[in-house]
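>>> I would like the atomic coordinates for the input below:
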Amino acid sequence: MMKRIEYGTEEYEKSIDIRNHAFRIPWGLDIRDEDLTGDAEMDMYVGYLDGNMIATVFLTEDNSKTARVKSVAILEEYRVKGLGSYLMNFIEDIAQKKGYEKVHLMGRVSVEGFYHKLGYKTLSEPFDYHTIPHINMEKKLLTPKNHSIMFALIAKNMVTTFGETGENAIINAVVKYGNQRGKRMAIRAKLDGQPLDVKSYLAYGEWEAATGETDWRFNHIKPEFKMENHKCPWFDAWEEYGINEFGKLYCTAVDAALADGFGSLELKVLQTLSFGKSCCEFIFVHNELSESDLEELDILKSKLGSKAKMPWDYHIAHLYYSIYEAIYEELGEQGIWQVEKALDEYAKLFGAYAKEEVLKFKDTNFNIVENYSGI
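Coordinates of the predicted model:
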């Protein structure tokens, strides 16, 4: 279990002991001889196992787009239990939700290989820090930008190669992808005994935007529930890379497919940012929400927390493989070649690690839900 702690508390003092044993005592040093007041400005987390604090990991900011991970420490007797990877996945998820695109860290040379396996690249030659050889490292985080660009690259190849046939095929692929996501949302809702209505649909979404990435407004709840989004990370990415012409095909089908897969809800897309409008606008046909429904929605979201959310490596891989399968059904090997070409183009933009994160899901069944603990 991970827990956030505050500077100056008893738990903070215990966290110093863990860091001391990991970083200083083996070299005859004492971390308490150093100025630790900077810890007060960090997001500090500790890990518990069987009621005992066994690990620490901290997060701070280098700049508006880059976070820095510090104090990744685990008590020696627990270092062979895969907790290092767990800590890094946990803190990278926090960084992504805060809107950071990259993570930096300073690591000991002795654990450089561990960080390479997690997708970090070495940025510097070794240097001594408190007499111990260290290197600077960096990792680009997977975000909605990766998801949006992956789609647009595939769509571009399909449309430029096959014309209208390719456009129709990619839209059909988006429907398949959206239906699968919606069905997974429904599975979790049913496991929790929730009805497959609009309220549950809004609660059981599988992804969560970072702070400032979206701007949702619920201005009309009766007689039909209407949503507006005035900021979208998908549209922002397509504009940044100059491929909105192809990216916007995603918007033509995904939301209605999600709602249909979830529970035969009819969701109409009235307009989108990607088609030049001032906001994205959606309406649930013949469905309304009351003020009390909105309050219950907030309670349900609070209970769920991140339990129904899936990480971006999963989402990006699901997008790729659902499109891969759909294109093969319609256009065969010629279509698949264009999908695979897009994956190589994606790797050129985001690095070989980003491609590897897709390929590791090759044998995943995206129609099922695994390891859902429920509310």
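
>>> Could you pull out the buried residues of stretch 36-50?
For stretch 36-50, a neighbour-count test (16 or more other C-beta atoms under 10 Å) marks 39, 43, 44, 45, 46, 47 as buried. Every residue, glycine included, has its C-beta placed from N, CA and C.

>>> now residue 313: how far from residue 360?
8 Å (C-beta to C-beta, to the nearest Å).

>>> so for the longest strand along the chain, what's the average pLDDT?
Scanning the chain for the strand with the most residues, using DSSP state E, yields strand 52-63. Throughout strand 52-63, pLDDT has a mean value of 95.

>>> Which residues are in contact with the residue sitting nearest the centre point of the chain?
Relative to the mean C-alpha position of the chain, the nearest C-alpha, by C-alpha atoms, centre = their mean, is the one of residue 312, at 3.4 Å. Residue 312 makes contact with 96, 141, 142, 143, 144, 146, 147, 207, according to C-beta atoms under 8 Å, 6 or more residues apart in numbering.

>>> go with 10 Å
Contact partners of residue 312, counting by C-beta atoms under 10 Å, 6 or more residues apart in numbering, are 92, 93, 96, 141, 142, 143, 144, 145, 146, 147, 207, 357.

>>> Return the subset of those lying in helices.
The members of the contacts of residue 312 that map onto helices under DSSP state H are 92, 93, 96, 144, 145, 146, 147, 357.

>>> Need those in CSV (columns: pLDDT and neighbour count).
Listed next are those as CSV, based on pLDDT from 0 to 100; neighbours: other C-beta atoms under 10 Å:
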residue, pLDDT, neighbour count
92, 92, 23
93, 87, 16
96, 85, 20
144, 93, 21
145, 93, 22
146, 95, 24
147, 97, 22
357, 92, 20
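
>>> Same list, those, but as CSV with distance to residue 304 please.
CSV is the format used below for the ones in helices among the contacts of residue 312 (distance: C-beta to C-beta, whole Å):
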residue, distance to residue 304
92, 21
93, 16
96, 18
144, 20
145, 25
146, 24
147, 21
357, 25
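
>>> now the strands for the stretch 151-300 of the chain?
216-220, 225-229, 267-271, 280-284 (DSSP state E, counting those that start in this stretch).

>>> now for the helix or strand of the chain with the lowest mean pLDDT, which elements pack on it?
Lowest by mean pLDDT, DSSP states H and E among the helices and strands of the chain is strand 216-220, with a mean of 86. Applying 3 or more C-beta pairs under 10 Å, 6 or more residues apart in numbering; DSSP states H and E, we find strand 216-220 packed against strand 225-229, strand 280-284.

>>> what is the orientation angle of the last one with strand 267-271?
Which is strand 280-284. Angle, strand 280-284 to strand 267-271, by axes from the mean of the first three to the mean of the last three C-alpha atoms, to 10 degrees: 150 degrees.

>>> same question, the first one
Between strand 225-229 and strand 267-271, the angle formed by their directions is 40 degrees, by the same axes, to 10 degrees.

>>> Parallel or antiparallel, which strands does strand 225-229 pair with?
Paired with strand 225-229 in the same sheet, following DSSP bridges, are strand 216-220 (antiparallel), strand 280-284 (antiparallel).

>>> Could you tell me which residues make contact with the residue nearest to residue 40 when sequence neighbours are not counted?
Sequence neighbours aside, residue 7 is the residue nearest to residue 40 in space, at 4.0 Å (criterion: C-beta to C-beta, 6 or more residues apart in numbering). Neighbour list for residue 7: 15, 36, 37, 38, 39, 40, 41, 42, 44 [criterion: C-beta under 10 Å, 6+ apart].
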